[in-house]
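Visitor: Generate a structure from the sequence data that follows.
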Amino acid sequence: MDECDESCPRRVICADRRSVAGSWVSLSLAAGEAVALLGASGSGKSLTAAALTGSLPGGSQTSGQLNVSGRDISLATKHRPGIASVRQDSLTALHPLVRIDRQLIPVILRSGGAPTRSAAGSLAVSLLEDVGFANPDRVLGSFPMELSGGQRQRVCIVQSLACRSSFLIADEPTTALDVISQHHVLSALRKAIGEGAGVLLITHDVAAAASLCSRAIVISGGSIVDEGSFEYLAAADRHPEVTHLMGAAQRTVRRGGTAVA
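Guide: As a prediction, this is how the structure comes out:
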């Protein structure tokens, strides 16, 4: 894709960076758009997400340009205004010694999602219901370790949506979830997209990505090897990594092992 420059429209996230592996990665994401970043394990998907969200591991370095809604953001800082993230590991995303309500409600208040703590609590209940919790009050009163891995991941989705950021970077948000929970999470992301958020879905699950995203970027060895619509990527004579991912997705669908919201 074109490198970021002053022509990037407002409410678009553009990134052009040199990865830890030394390769250039250039991408853009518009408001209300869902784009998948696909790749096998070790392809550089999560490092790309970490660079975008300011969460690279200590000692890592990156260079390049990040523009969010017309504003240049320094890659040297961890602050990423306008961007929220869903991490792979829900145990590190949530404070283990703080109840869920005391982690979620302050986020809603800071983002302006509700004027009072009572209203924020009601909104928290509604958001948790949106991702399939039948008893959201019990979840709000729980500590992270009292929830299953799938439940914690859904709480992380809600926490990111509660930020009301223009863009959401979702790193493998459905990986640890059962089929029903995957459906709820994809539906919640689709709702956020409908309300104008741009979503970058980082995953190796092509079928789930195709159910949510309009196009995909395929990464291998830290570099983008192909991009386009899913119809384009599924065609013959594509890059070997693209062919491998698409073939794996077709086999999964035939076995009935994917969730499509």
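Visitor: When you work out contacts or count neighbours from here on, use the C-alpha atoms and nothing else.
Guide: Noted.
Visitor: In terms of helix, strand or coil, where does residue 115 fall?
Guide: coil (DSSP: H, G, I helix; E, B strand; the rest coil).
Visitor: what's the spacing between residue 148 and residue 101?
Guide: Look at residue 148 and residue 101: by C-alpha to C-alpha, to the nearest Å, they are 17 Å apart.
Visitor: Tell me which of these two has more neighbours.
Guide: Set residue 148 next to residue 101 and count neighbours by other C-alpha atoms under 10 Å: residue 101 wins out with 20 against 12.
Visitor: Can you tell me, leaving aside adjacent residues, what's nearest to the more buried one?
Guide: Of all residues not flanking residue 101 in the chain, residue 140 sits nearest, at 4.5 Å (C-alpha to C-alpha, 6 or more residues apart in numbering).
Visitor: could you show me where the strands are in the stretch 1-150 of the chain, in order?
Guide: Secondary structure of the stretch 1-150 of the chain (DSSP state E, counting those that start in this stretch): strands located at 12-18, 24-30, 34-38, 63-68, 71-73, 83-86.
Visitor: what is the mean pLDDT for the last one?
Guide: Looking at strand 83-86 alone, the average pLDDT works out to 89.
Visitor: Could you check how far the closest residue to residue 108 other than its chain neighbours is from residue 102?
Guide: What sits nearest to residue 108 in space, not counting adjacent residues and going by C-alpha to C-alpha, 6+ apart, is residue 162, at 5.4 Å. Residue 162 sits at a distance of 13 Å from residue 102 (criterion: C-alpha to C-alpha).
Visitor: Compare those two and say which is more crowded by neighbours.
Guide: residue 162 (24 against 15).
Visitor: rewinding a little: so can I have CSV of the strands of the stretch 1-150 of the chain showing distance to residue 220?
Guide: CSV is the format used below for the strands of the stretch 1-150 of the chain (distance: least, C-alpha to C-alpha, whole Å):
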stretch, distance to residue 220
strand 12-18, 14
strand 24-30, 11
strand 34-38, 9
strand 63-68, 19
strand 71-73, 26
strand 83-86, 22
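Visitor: For residue 235, the count of nearby residues, please.
Guide: The burial count for residue 235: 11, using other C-alpha under 10 Å.
Visitor: got it, and the one 10 residues further on?
Guide: Residues within reach of residue 245, counting by other C-alpha under 10 Å, total 20.
Visitor: Quick one: residues contacting it.
Guide: 39, 40, 204, 206 (C-alpha atoms under 8 Å, 6 or more residues apart in numbering).
Visitor: pLDDT wise, what is it at?
Guide: For residue 245, the predicted pLDDT is 81.
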